[in-house]
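Undergrad: sharing a model that was predicted from the sequence below.
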Protein chains: 2
Amino acid sequence: MVTIREVAEAAGVSQATAARALNGYGSVSARALERVTESAARLGYKTNMIAQALRLGQTRAIGFVPGDIENPFFAKIARHLGDTLEASGYTLLLSSSDERPDRERKVVETLRQHMVSGFVVAPTAQDDAPHLAQLVEDGVPLVLIDRRVEGLRADSVTVNNEGAGFQAVLHLIEHGHRDIAILVDDLQIASSAERFAGYQKALDAHGIRLEPTYIGVGGASREGAYEAAHRVLTLGHRPTALFATDNFMTEGALRALRDLGLRMPADVSIVGFDDFDLTTFVDPAVTVVAQPIAELGQEAGRLILRRLEGAEDEPHNVNLLAELIIRGSVEAPPASDAA
Amino acid sequence: MVTIREVAEAAGVSQATAARALNGYGSVSARALERVTESAARLGYKTNMIAQALRLGQTRAIGFVPGDIENPFFAKIARHLGDTLEASGYTLLLSSSDERPDRERKVVETLRQHMVSGFVVAPTAQDDAPHLAQLVEDGVPLVLIDRRVEGLRADSVTVNNEGAGFQAVLHLIEHGHRDIAILVDDLQIASSAERFAGYQKALDAHGIRLEPTYIGVGGASREGAYEAAHRVLTLGHRPTALFATDNFMTEGALRALRDLGLRMPADVSIVGFDDFDLTTFVDPAVTVVAQPIAELGQEAGRLILRRLEGAEDEPHNVNLLAELIIRGSVEAPPASDAA
DNA sequence: CTCTTCAATGATATCGTTATCAATCACAAG
DNA sequence: CTTGTGATTGATAACGATATCATTGAAGAG
């Protein structure tokens, strides 16, 4: 790797002038500027980011800590976040928390040791995030994505989960459903809890009692989602409709339905979450709450860039709207079960 | 961030002894060792990786450049590669090439500027990779994954693509098919070219002439895959079987089939690639060539760790076997078309 | 008691970059 | 001819960690 010292030597100037020429500060004669830029180009000089980082106290890199990189939701966010940051000369460093609080803490620590300039994190827990609180205290730019942490004064980009959940369940109720089950991930995860709250609210608004056995909780895996769906669908008093609150849950529901020989929507109506492949592949296509995933990533990028440029104002909370896309997976409940 | 200087001060020793105590070299008195470790723990000292990297000439980080992070194939590799490296104290830095040679070059350059200790790359092009050749020349550990580059003396982990393609097409031929179309990604990508070669070989071995219109080439996107599949399936002389050579192609084929109202396997038999969600979701499930994805990632991790530990021997080429998983998407061609 | 030996330690150079300070030079004003 | 001004430049000090070299002191050998 060629250093600035070698460039200076080749140009016949001191490294100080070479630095001035390359970085455009101080004053440099036209002649020196030309010779330095020429030498730099010829030798293929690339500034050593590590040395620069040590000197400047920060890298031009942002740490991104998604819940699970194998989840297409986060993969897509990574893509758009990365594109946005790259346009401003920042690099994205990605390391997944695998939805485990201890891993999240460790990953954040490692990234801090690498002196990243800021963080975009999908927090694993709704509360109790001392490592994130520490970031805020130390003035390190932090943007929470998809989920928030109670009491943490940081920027965030989320979708209107409660409203989306409410709207989804309302849609089912309007089609005459009253026995509506819900499939959720761990309620410790803020977004899950909010979607659940929307479900509860919609039931309440129509005087429907919440049936505890209708709550299917699956871990952050495809298998857990399937099992939860399977359990709910084999209940003695089977629900006539299902609200799946994320893409894994939606897939699990569709699989369970198929394996149990239940027809959608004839036997069970479904509203899913996230507009991913499978939902448009099955017949009929699944009515889903679609999150503006690309915007989530881009907005997070914009927020962190603002902070990196020195913005010191109050935390911004960008709340994006999820949209109900009506397709063919919801109709009136089978006559025998109708209220 | 607390520095080693502060730890030394707190322990009442010079930073030299503090460094010795913390890193375990030179000789340190029991007393000094105890006081330093105590101070470090109390102050929460974490070594600054950036400073360490500058001094040591390398970070304990590995750059991973997948073709496309939104492709589940690479996401899964990232997961397993990351796990393997992490176990040895390395961090994974991920930046996607989006299957674009120019981007690949840029990404590799950026990662080099960040002084990563090694690279794992899924090369976009089979030849003409000067930036990768440069790595090899500079002695930077490099492992090619999924694909190889002609004439590049670097470690690699691949699957037996040609054999897998051969086996897949043979399976179709054995069921009586002779009009077999293939869906491939850009033939510039080594793995695609090899799978195509396997297809060719199997046809040759049974004296079947290769029909040029039966070759559907789609870009590295879901849309391109769908279009290629659609084109092939609407041909005047429609093929009775389809070999889809990656997961996007397989999905495209299934979608096109569905949209065209064709039944699988009654109208068209299919052998897909990669054992992902959709293939087991449809009815019947799709017969696929399943790649050992987890092993690909782990093996790449092992290879790069060997180099980081100083191995200087000849390049290792690990070739893993893909396995044909027979399910329900292949049967004899419809009678009217049989030879 | 003197000389050697070695453990223990502090001072210091280095990695490559940035940015400040001090020095030099030309040129114009007096 | 002297002095001042400002542009241009080189020398140099950081950033934090590591590793070498030189120094100290104590213990053991003669």
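TA: Yep, that arrived.
Undergrad: point me to the residue of the stretch 201-339 of chain A nearest DNA strand C.
TA: Using CB to the nearest atom of the strand, A:Gly310 is the residue of the stretch 201-339 of chain A that sits closest to DNA strand C, at 14.4 Å. Just so you know, the C-beta spots here come from the backbone N, C-alpha and C atoms, and that holds for glycine as well.
Undergrad: contacts only, for the closest residue to DNA strand D within the stretch 151-300 of chain A.
TA: Closest residue of the stretch 151-300 of chain A to DNA strand D, CB to the nearest atom of the strand: A:Ala154 (24.0 Å). For A:Ala154, the set of contacting residues under the criterion of CB atoms under 8 Å, 6 or more residues apart in numbering or on different chains consists of A:Leu132, A:Leu135, A:Val136, A:Leu142, A:Val143, A:Leu144, A:Pro315.
Undergrad: again, but for A:Ile270
TA: Contacts for A:Ile270 (CB under 8 Å, 6+ apart) come out as A:241-244, A:250, A:253-254, A:257, A:264, A:286-287, A:329-330.
Undergrad: can you lay out these as a markdown table showing neighbour count?
TA: Rendered in a markdown table, the data for these read as follows (neighbours: other CB atoms under 10 Å in any protein chain shown):
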| residue | neighbour count |
| --- | --- |
| A:Ala241 | 26 |
| A:Leu242 | 29 |
| A:Phe243 | 31 |
| A:Ala244 | 32 |
| A:Thr250 | 29 |
| A:Ala253 | 30 |
| A:Leu254 | 24 |
| A:Leu257 | 21 |
| A:Met264 | 21 |
| A:Val286 | 27 |
| A:Thr287 | 21 |
| A:Ser329 | 26 |
| A:Val330 | 22 |
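Undergrad: restricted to strands, list those.
TA: Judged by DSSP state E, strands contain the following of those: A:Ala241, A:Leu242, A:Phe243, A:Ala244, A:Thr287.
Undergrad: considering only these, which also neighbour chain B?
TA: Contacts with chain B within the ones in strands among the contacts of A:Ile270, counted by CB under 8 Å from any CB of the partner chain: none were found.
Undergrad: of all those residues, which comes closest to B:Gly12?
TA: For B:Gly12, the closest of these turns out to be A:Ala244, at 61.3 Å, with distances computed as CB to CB.
Undergrad: separation between that closest one and A:Ser192?
TA: 12 Å (CB to CB, to the nearest Å).
Undergrad: over to A:Ala290?
TA: On the measure of CB to CB, A:Ala290 and A:Ser192 end up 17 Å apart.
Undergrad: with neighbour numbers in mind, choose between those two.
TA: Taking A:Ala290 and A:Ser192 together and counting by other CB atoms under 10 Å in any protein chain shown, A:Ser192 has the greater number of neighbours (22 against 17).
Undergrad: is the more buried one in contact with A:Leu183, as I believe?
TA: No - look at A:Ser192 against A:Leu183 with CB atoms under 8 Å: they stay out of range, at 10.0 Å.
Undergrad: filter the contacts of A:Ala154 down to the buried ones, ChimeraX style.
TA: ChimeraX command restricting the contacts of A:Ala154 to the buried ones, with burial defined by 16 or more other CB atoms under 10 Å in any protein chain shown:
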select /A:132,135,136,142,143,144
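Undergrad: in strands, which of the contacts of A:Ala154 fall?
TA: A:Leu142, A:Val143, A:Leu144.
Undergrad: return the member of those residues nearest to B:Gln200.
TA: Distance from B:Gln200 was checked for each of these by CB to CB. The minimum falls on A:Val143, at 50.5 Å.
Undergrad: what about the strands in the stretch 101-250 of chain A?
TA: For the stretch 101-250 of chain A, the strands defined by DSSP state E, counting those that start in this stretch occupy A:118-121, A:142-145, A:155-159, A:180-184, A:215-217, A:241-244.
Undergrad: now for the fifth one, which elements pack on it?
TA: Other helices and strands packing on strand A:215-217, by 3 or more CB pairs under 8 Å, 6 or more residues apart in numbering or on different chains; DSSP states H and E, are strand A:180-184, helix A:222-233.
Undergrad: mind putting the ones in strands among the contacts of A:Ala154 into CSV with distance to A:Leu320?
TA: As requested, these are arranged in CSV below (distance: CB to CB, whole Å):
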residue, distance to A:Leu320
A:Leu142, 19
A:Val143, 14
A:Leu144, 13
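Undergrad: which one of those is nearest B:Asp102?
TA: Among the ones in strands among the contacts of A:Ala154, and counting by CB to CB, the member closest to B:Asp102 is A:Val143, at 29.4 Å.
Undergrad: ok, the closest one to DNA strand C distance?
TA: In this view, A:Val143 and DNA strand C are 25 Å apart by CB to the nearest atom of the strand, to the nearest Å.
Undergrad: ditto for A:Met1
TA: Applying CB to the nearest atom of the strand to A:Met1 and DNA strand C gives a distance of 6 Å.
Undergrad: residue contacts, that residue?
TA: When contacts are counted by CB under 8 Å, 6+ apart, A:Met1 touches A:Lys46, A:Asn48, B:Arg112.
Undergrad: for A:Phe196, same thing?
TA: With the criterion set at CB under 8 Å, 6+ apart, A:Phe196 makes contact with A:Gly165, A:Ile182, A:Val184, A:Leu187, A:Ile215, A:Thr245.
Undergrad: so what pLDDT did it get?
TA: At A:Phe196, the model reports a pLDDT of 98.
Undergrad: same thing with A:Gly310?
TA: Predicted confidence (pLDDT) for A:Gly310: 87.
Undergrad: check which helix or strand covers it.
TA: Secondary-structure element containing A:Gly310, defined by DSSP states H and E: none, the residue being outside all helices and strands.
Undergrad: doesn't A:Asn319 belong to a helix?
TA: No - secondary structure assignment places A:Asn319 outside any helix; it is strand (DSSP: H, G, I helix; E, B strand; the rest coil).
Undergrad: touching, A:Leu93 and B:Leu93? I think so.
TA: Yes - the criterion here is CB under 8 Å, and A:Leu93 meets it with B:Leu93 at 5.3 Å.
Undergrad: report whether stretch A:89-96 contacts chain B.
TA: Yes - on the criterion CB under 8 Å from any CB, stretch A:89-96 is in touch with chain B at A:Thr91, A:Leu92, A:Leu93, A:Leu94, A:Ser95, A:Ser96.
Undergrad: export the residues you listed to TSV and tack on distance to A:Gly224?
TA: Conversion of the residues of stretch A:89-96 next to chain B to TSV gives the following (distance: CB to CB, whole Å):
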residue	distance to A:Gly224
A:Thr91	34
A:Leu92	29
A:Leu93	29
A:Leu94	24
A:Ser95	23
A:Ser96	17
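Undergrad: quick revisit: how close does the residue of the stretch 201-339 of chain A closest to DNA strand C get to chain B?
TA: 20 Å (CB to the nearest CB, to the nearest Å).
Undergrad: re earlier: tell me which of the ones in strands among the contacts of A:Ala154 is nearest to B:Lys201?
TA: Relative to B:Lys201, the closest of the ones in strands among the contacts of A:Ala154 is A:Val143; by CB to CB it sits at 52.0 Å.
Undergrad: A:Leu111 and A:Leu92 touch, don't they?
TA: No - taking CB under 8 Å as the definition, A:Leu111 is not a contact partner of A:Leu92, at 11.2 Å.
Undergrad: ok, the nearest residue to A:Ile208 once chain neighbours are set aside to A:Pro333 distance?
TA: If you skip the residues right next to it in sequence, A:Ile208 has A:Arg178 as its closest partner in space, 5.4 Å away by CB to CB, 6 or more residues apart in numbering or on different chains. Here the criterion is CB to CB. By it, A:Arg178 lies 8 Å from A:Pro333.
Undergrad: between these two, what contacts are shared?
TA: A:Thr240.
Undergrad: just to revisit the earlier point, put together TSV for the residues of stretch A:89-96 next to chain B, with pLDDT, neighbour count and secondary structure on each row.
TA: Conversion of the residues of stretch A:89-96 next to chain B to TSV gives the following (pLDDT from 0 to 100; neighbours: other CB atoms under 10 Å in any protein chain shown; DSSP: H, G, I helix; E, B strand; the rest coil):
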residue	pLDDT	neighbour count	secondary structure
A:Thr91	90	21	strand
A:Leu92	91	23	strand
A:Leu93	89	25	strand
A:Leu94	90	27	strand
A:Ser95	90	23	coil
A:Ser96	91	27	coil
